[in-house]
Each structure stands twice: as structure tokens, then as C-alpha cells.
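**Student:** Okay, here's the prediction I keep looking at, along with the sequence it came from:
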Amino acid sequence: MPLAAPPLMREHRLYQADFLLRGYGFTAGELLSGPGDLALDIDPKLAWALGNRQVFPLDLNNADPALIARVPGIGIRTTQRLVELRKQRRIRYEDLTRMRCVLAKAKPFIITSDYHPPHAETTSEFLHHQLRDRPQPQQMGLWG
């Protein structure tokens, strides 16, 4: 009997974790703090943010660029653009919209000059439930 193939989401999460290790300065210990497996329902960057709520919400107008890059929904290029923008003026929520940040993920973790998360004390469990990836429907196989 053939072994069942691992879920494709596991491969995707490993790819995401590898990208975070090489591009964002995460360590393996930061991403695997727990039973040793990556969560399949949330991405590794979001899992790290939920496990380190003491760091957030992060004021984008004066935070260290390395920390801004760790905000879910904000990437390396957007971080660089935000750092350049804040040399000219204060960062506003509208700026994040224009830069196409994934605001659904970023909103609970950021502060701008005109935005504060409404529930800064929202629990990690609640955010995990709200921000998790919805399971994709599985196509049935023809033979088994």
C-alpha cells in the first residue's frame, strides 16, 4: 500500500519558512517555537507575530525597519518604501493601502499617524481564528 503524500500546504509552509529564514532574518528557533511543526492553517510570519504579541502593535513611524518587515502583510520592499516615506512625512493608513500591503493581516499589528487597532488587547487565539487560511476544497480522486 503506498504511503499517503504529505499535504501540499506543508510544502508551501516550508517554502514560506525558508524565505523568512533567508530574507527576513528569522531564526529556525523563532519559527519553530512549539511542537516542532509549522502550523498549516496560518503562515509562519503570522504565527511568529501571534506568538510575540508583546512587540505589537508597532508604530510604523518610528519602529526599527527589521521589526516592520516582521509585520504580517508587509514585505521587504514595502518596508524599504515606508522607511523612505517616513523621512519625508508621517506614515498614514492610506499610504499602506497605496503600497498594497495585505491590510487584513497587518491591521492588528500596526499603528500609523491616523490608525490605531481598535482592539490592541485582542487575544492571539481570536486573531488566529480570524486570520487563518480557509481550507481549500479537495477534489475527489477517481480511484481512491
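**Tutor:** Cool, got the structure.

**Student:** alpha carbons only for contacts and neighbour counts from here, please
**Tutor:** OK.

**Student:** tell me the helices in this protein, going along the chain?
**Tutor:** Counting by DSSP state H, the chain has helices at residues 8-23, 28-31, 44-51, 65-68, 76-88, 93-98, 103-106, 124-131.

**Student:** Please identify the most buried of those.
**Tutor:** Among those, the stretch with the highest mean neighbour count (mean count of other Cα atoms under 10 Å) is helix 44-51, at a mean of 20.

**Student:** other SSEs contacting that one?
**Tutor:** Counting contacts by 3 or more Cα pairs under 8 Å, 6 or more residues apart in numbering; DSSP states H and E, helix 44-51 is packed against helix 8-23, helix 28-31, helix 124-131.

**Student:** sorry, back to before: out of the helices of the chain, the one nearest residue 58 is which?
**Tutor:** Of all these, it is helix 65-68 that lies closest to residue 58, at 7.5 Å by Cα to Cα.

**Student:** Could you work out the end-to-end span of stretch 69-76 for me?
**Tutor:** Distance between the two ends of stretch 69-76: 6 Å, counting by Cα to Cα, to the nearest Å.

**Student:** Appreciated, that's everything.
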